[in-house]
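Trainee: Sequence and predicted structure, then a few things I'm wondering about:
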Amino acid sequence: MKKIWNKKKIVFLLLVGMIFFITVIWYVNDYYHGDENVQIYLQEKRGVSVTEMSDGLYLDGPGDNAAMIFYPGAKVEYTAYLPLLSDLAERGIDCFLIKMPCNLAFFGQNKAKKIMDSYEYDQWYLSGHSLGGAMAASYASGHMESLDGLVLLAAYPTKSLKSDSFSVLSIYGSEDGVLNMEKVEEGKGKMPADYTEICIEGGNHAQFGNYGEQKGDHTAGISRKEQQKQTVDAILDLTEAHKDQKQEDAAMTYEQISPQEAKERIETKKDVIILDVRTQEEYDSGHIKNAVCLPNEDIISEPDILPDKDQEILVYCRSGNRSKQAAQKLADMGYENVLEFGGILDWQYPDLIE
C-alpha cells in the first residue's frame, strides 16, 4: 500500500512540474510584438546606424557625447522601441536598446554596467518603460555616481534616488490605464531635488513603443508619433541642461568649500592667504583675522599682493556673491589654488574676527 502511495505522489509531483513548466513557457512566449513599422528602423535611417550586439541594439547617430541605455517594458518585444530611440539618436543621443531575457527586465537589470564598461561617453542616462523603468531605477539607485540621470516612461522607483548630482525625468500619459498613479505619488518621496514630472496630455501607456494596444490601457487622444515626439523633446531638454551645467562646471576652475573647512585650513596652514574682497570700509568694520583686503573690483588691476600663482588663497566677502566673482577672476588670471568659502555673514567663529 505504501509503495502505491509513493508512486501516486511521484506522478502527482511530475504532473505539477509539467504544468508549471508549460505555464512558464506559455507566459514568456505570450508577449507584445513590435508592429510592422519597426523593421524599417533596423536599417540605417536619417543618419542613424543600427548595430546588433549580444545584449540588443546600438543606435549610433550624429552625436558622440551622450548616450542612453533603454530597458523595455514587461513582455514587450524590445524592437518595439526602435522608432522612439531612433528619433532620439537622430537628434544627438546615441541609444542602447537592451534585449531582456524572456522579455522581462527583472532578469537583466544589471545589463547597463556591461554597456558602460564597453563604451566611452561624457554623459550617461538610463531609461525604461513600465517594468523596464522600475528596473532601470533600481539599478540607478546603486550607481548614481556613474550616471547623469534617469528617464522613467510610465514608471516609478522603489528605491531612493536622492542625490545632489543626479536628475530624474518622469513622463507618463494622461490616458494611461496601466500605470499605478498611487505608486507614482509614493515614488516622489524617493526623488532627487532635480526632479521633473511631465504628463503628456492625451498620451497613454502603450504609445511609448510600437506594439499596438495594451490590455487595460485607455484610448489615446493623440497619435503615437506625437506622444513619442513630445517624449524625445523632453529628454533632450534634460540632456541639454546637463550639458550646459557641465560646461559651466568646466569653466569654474576654483573650488568651493564650507566655512568650517576654511577655518580648519586657517588654523593648520601657515602660508595660506585669506582674501577679503569687500570694500575697505566693510573690511575696517570687522574681518577675519589676518585677512587681506582686496576689493572685488580691484582684483585685476592690483594683483601685486598675490605674487605666486600656486599660492593657496581663501576668498570671502559679505554674503558669498562677490567672493564667487573674485574667485573666478583669480582663476582666469591663472591662480591654481583658489578656494571660495562664502560670506562673513555665515562665519560662525567670533574668536577669529578682528
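Mentor: That came through fine.
Trainee: And the strands in the stretch 51-200 of the chain?
Mentor: 56-60, 66-71, 93-98, 123-129, 149-153, 167-173, 194-200 (DSSP state E, counting those that start in this stretch).
Trainee: With mean neighbour count, distance to Ser49 and mean pLDDT added, can I get those in TSV?
Mentor: For glycine as for every other residue, the C-beta is placed from the backbone atoms N, C-alpha and C. Formatted as TSV, the strands of the stretch 51-200 of the chain follow (neighbours: other Cβ atoms under 10 Å; distance: least, Cβ to Cβ, whole Å; pLDDT from 0 to 100):
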stretch	mean neighbour count	distance to Ser49	mean pLDDT
strand 56-60	21	5	97
strand 66-71	26	14	97
strand 93-98	25	10	98
strand 123-129	25	20	97
strand 149-153	27	23	98
strand 167-173	25	26	97
strand 194-200	17	29	96
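Trainee: Would you mind giving those strands as a markdown table with distance to Pro259 added?
Mentor: Output for the strands of the stretch 51-200 of the chain, formatted as a markdown table (distance: least, Cβ to Cβ, whole Å):
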| stretch | distance to Pro259 |
| --- | --- |
| strand 56-60 | 48 |
| strand 66-71 | 36 |
| strand 93-98 | 40 |
| strand 123-129 | 33 |
| strand 149-153 | 31 |
| strand 167-173 | 28 |
| strand 194-200 | 25 |
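Trainee: So for Val184, which of those sits nearest?
Mentor: Nearest to Val184, of all the strands of the stretch 51-200 of the chain, is strand 167-173, at 7.1 Å by Cβ to Cβ.
Trainee: With only the CA atoms kept, save that closest one in PDB.
Mentor: Below are the C-alpha coordinates for strand 167-173, written out as PDB (Å, rounded to 0.1, in the frame of the first residue of the first chain):
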ATOM      1  CA  SER A 167      18.400  64.100 -12.300                       C
ATOM      2  CA  VAL A 168      15.200  62.200 -12.800                       C
ATOM      3  CA  LEU A 169      12.600  62.900 -15.600                       C
ATOM      4  CA  SER A 170       9.300  61.100 -15.200                       C
ATOM      5  CA  ILE A 171       6.900  61.100 -18.200                       C
ATOM      6  CA  TYR A 172       3.500  59.500 -18.500                       C
ATOM      7  CA  GLY A 173       0.300  60.000 -20.500                       C
END
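Trainee: So which elements touch it?
Mentor: Applying 3 or more Cβ pairs under 8 Å, 6 or more residues apart in numbering; DSSP states H and E, we find strand 167-173 packed against strand 149-153, helix 181-187, strand 194-200, helix 224-251.
Trainee: is it true that Val292 touches Arg278?
Mentor: No - Val292 lies out of contact with Arg278 (Cβ atoms under 8 Å); the separation is 11.6 Å.
Trainee: Looking at these two, which has the bigger crowd around it?
Mentor: Arg278 (24 against 14; other Cβ atoms under 10 Å).
Trainee: so what's the more buried one up against?
Mentor: By Cβ atoms under 8 Å, 6 or more residues apart in numbering, the contact set of Arg278 is 287, 293, 295-296, 317-318, 322, 344.
Trainee: distance between the ends of stretch 187-204?
Mentor: Terminal residues of stretch 187-204 are spaced 20 Å apart (Cα to Cα, to the nearest Å).
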